[in-house]
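Chemist: Provided below for reference: sequence and predicted model.
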Amino acid sequence: MLGLTPFTADWFHEHGWELAVTLAIAVVLTIVSRRWVRRYRKRARAGGDDAEGRRRRRTATVVGLFSGVFVIIAWAVFLLTLLKAMGVDITPILASAGIVGVALGFGAQSLVRDTISGLFIFLEGQFDVGDIVDLTTNAGTVSGTVEALNLRTTAVRQYDGSLSTIPNGLIEVTNNRTRGWGRAVVDVRVALDEDPDRVRETLEELFEQMHGQPPLDEWLRQPPTVLGVTQLTDTAQVIRVAAETMPSHRVDTERLLRARVVARMAERGIKSPPIQAAQPGLPPTPGP
């Protein structure tokens with residue numbers, strides 16, 4: 001058997017079926033796994049902040065992680081089958097797996113560190129595919145949506161569209177914006193001579209009218225609350241508004257509240273603080 005010349009008719013007759021089966025399994029598994037990964041990631045992106053959305057993101061993470069492992073194993077089996085058919089004794093290769101692991105531990109410590117870190121990120125559920133995160137590394141913070149989580153790396157699509165790939169071992173702090181709840185905070189700046197009680201009444205009236213209106217009714221966990229004056233400057237008093245939101249809609253809620261507040265203040269004639277005169281070499285300080 002070992003005396004057959006590789007890639008001849010007799011060689012294919014002897015080993016063709018075995019090679020064809022292992023190659024077919026590897027190819028089919030690769031194609032199917034990629035389709036499944038795309039399908040589950042699409043479902044994860046369409047999921048909300050409820051339990052169903054979190055389940056979809058977790059499922060997409062599990063499918064992506066294990067499909068990659070299975071594809072690697074399938075192609076490794078095909079490669080070993082090919083080497084065996086070519087007359088190569090694969091027993092030393094299998095026996096040296098432990099030695100290779102030890103060598104990797106000393107010669108590729110970053111690879112081992114990244115893999116172990118990725119495994120704990122997955123097991124602890126720190127984030128899943130589709131989550132919005134801030135990942136702090138020794139090179140800075142990467143913010144965006146998780147598009148892929150592998151044992152060695154994490155791919156994050158940033159807000160400008162760029163895709164950043166981060167070794168898992170470099171992640172020091174994880175801020176997940178898609179877990180639990182978020183808090184929208186809007187600071188309203190008004191003139192010093194304005195009555196803060198009048199401003200509070202105006203804002204509370206506005207928030208009462210906005211209650212139950214879409215899309216705010218889907219974004220909020222609790223209605224907006226006027227906390228009162230939190231800061232005084234030379235030209236303005238700052239009145240803070242806070243609202244507990246669904247985690248992925250904190251920024252959207254802040255934008256909507258800010259727009260509605262500015263419009264209502266203009267409607268009721270509530271004065272904004274004056275624009276400070278610019279110092280030489282500095283731009284003017286804007287109003288609210």
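Modeler: Nice, I can see it.
Chemist: avg pLDDT for the helix or strand hosting Leu257?
Modeler: Using DSSP states H and E, Leu257 sits within helix 250-268. On average, the pLDDT along helix 250-268 is 93.
Chemist: again, but for stretch 43-55
Modeler: pLDDT averaged over stretch 43-55 gives 71.
Chemist: And for stretch 212-227?
Modeler: For stretch 212-227, the mean per-residue pLDDT is 90.
Chemist: got the contact list for it?
Modeler: Stretch 212-227 is contacted from outside by 181, 184, 200, 203-204, 207, 210-211, 239-246, 249, 252-253, 256-257, using Cβ atoms under 8 Å, 6 or more residues apart in numbering. Yep, even glycine has a C-beta here, placed from its N, CA and C like the rest.
Chemist: What is the end-to-end distance of that stretch?
Modeler: 21 Å (Cα to Cα, to the nearest Å).
Chemist: gap between it and the chain center?
Modeler: Put simply, stretch 212-227 sits 25 Å off its chain's centre (Cα atoms, centre = their mean, to the nearest Å).
Chemist: buried sites along that stretch?
Modeler: Neighbour-count burial for stretch 212-227 flags 216, 219-220, 224, 226 (criterion: 16 or more other Cβ atoms under 10 Å).
Chemist: what's the longest helix in the chain?
Modeler: Identified as the longest helix of the chain according to DSSP state H is helix 9-46.
Chemist: And that helix, what does it pack against?
Modeler: When contacts are defined as 3 or more Cβ pairs under 8 Å, 6 or more residues apart in numbering; DSSP states H and E, helix 9-46 sits against helix 51-85, strand 140-149.
Chemist: Output those as TSV; include the columns distance to Leu111 and mean neighbour count.
Modeler: Listed next are these as TSV, based on distance: least, Cβ to Cβ, whole Å; neighbours: other Cβ atoms under 10 Å:
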stretch	distance to Leu111	mean neighbour count
helix 51-85	14	17
strand 140-149	17	18
